[in-house]
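1. Quick one, structure for this:
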Amino acid sequence: MVKLSQKFVRKLLDIYKPVYRYLRSAEIEFPRARGTFLVPYAEYLNENIGHFTNTEACICLNQLCYVFFAHGVKEGIWNNINLEEFLSLRNENMFIVSSNYKFRRVINPRETNINGQIELIKLRKCKDFYIAKLDFSFENKVIYGNLELILKLK
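-> Sure, this is the predicted structure:
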């Protein structure tokens, strides 16, 4: 696995407010990526809760997907797009169109880092967009599921 530099990860997460930059480190070996996340508190709630929520899982997955796909662009895995184009597209043209989450037990992200993984299952190009299907898991499938993403090219 290739460990991504902190500089590269920070650059990709600069669209998030600092309090929502959960991804601390990432490693990639195509078609998989692993990330370590720190979710110190639920910023979006008035009271802190002691379990990892669907909202936090989605933010973590978004961040890991950003670095996974950006690394692929940088390494030339995706055709017809360079890193600067990807960075401009991710804000308005990268969407999760379908997601399925299964929680097998409670994880308390306030006590420890959380490890997550994504795996690209299928990628296809249709006209001016890519469709990607991914499986994911956190903490050895304590939480797992799948995502379908679209990246619309300009």
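
2. Pull the number of nearby residues for the closest residue to Asn82 other than its chain neighbours.
-> Nearest non-adjacent residue to Asn82, counting by CB to CB, 6 or more residues apart in numbering: Val73, 6.7 Å away. For every residue, glycine as well, the C-beta is placed using N, CA and C. Val73: 20 surrounding residues under other CB atoms under 10 Å.

3. for Val73, what are its contacts?
-> Neighbouring residues of Val73 by CB atoms under 8 Å, 6 or more residues apart in numbering: 81-83, 86.

4. Roughly how far does it sit from Phe95?
-> 17 Å (CB to CB, to the nearest Å).

5. Gly145 versus the residue nearest to Asn82, what's the distance?
-> 25 Å.

6. Equivalent analysis for Arg104, please.
-> Arg104 is 11 Å from Gly145, by CB to CB.

7. Same check on Val39?
-> Taken as CB to CB, the span from Val39 to Gly145 is 18 Å.

8. Dump the helix or strand of the chain with the lowest mean pLDDT to CSV, keeping only the CA atoms.
-> Within the chain, no helix or strand scores below helix 83-93, which has a mean of 86 by mean pLDDT, DSSP states H and E. Backbone C-alpha positions of helix 83-93 (Å, rounded to 0.1, in the frame of the first residue of the first chain) are rendered in CSV as follows:
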residue,chain,number,x,y,z
LEU,A,83,-5.7,16.6,-10.7
GLU,A,84,-6.6,20.2,-11.0
GLU,A,85,-9.7,19.3,-13.0
PHE,A,86,-10.6,16.7,-10.4
LEU,A,87,-10.2,19.3,-7.6
SER,A,88,-12.6,21.7,-9.3
LEU,A,89,-15.1,18.9,-10.1
ARG,A,90,-15.3,17.4,-6.6
ASN,A,91,-17.1,20.3,-5.1
GLU,A,92,-20.1,20.3,-7.4
ASN,A,93,-19.8,17.2,-9.7
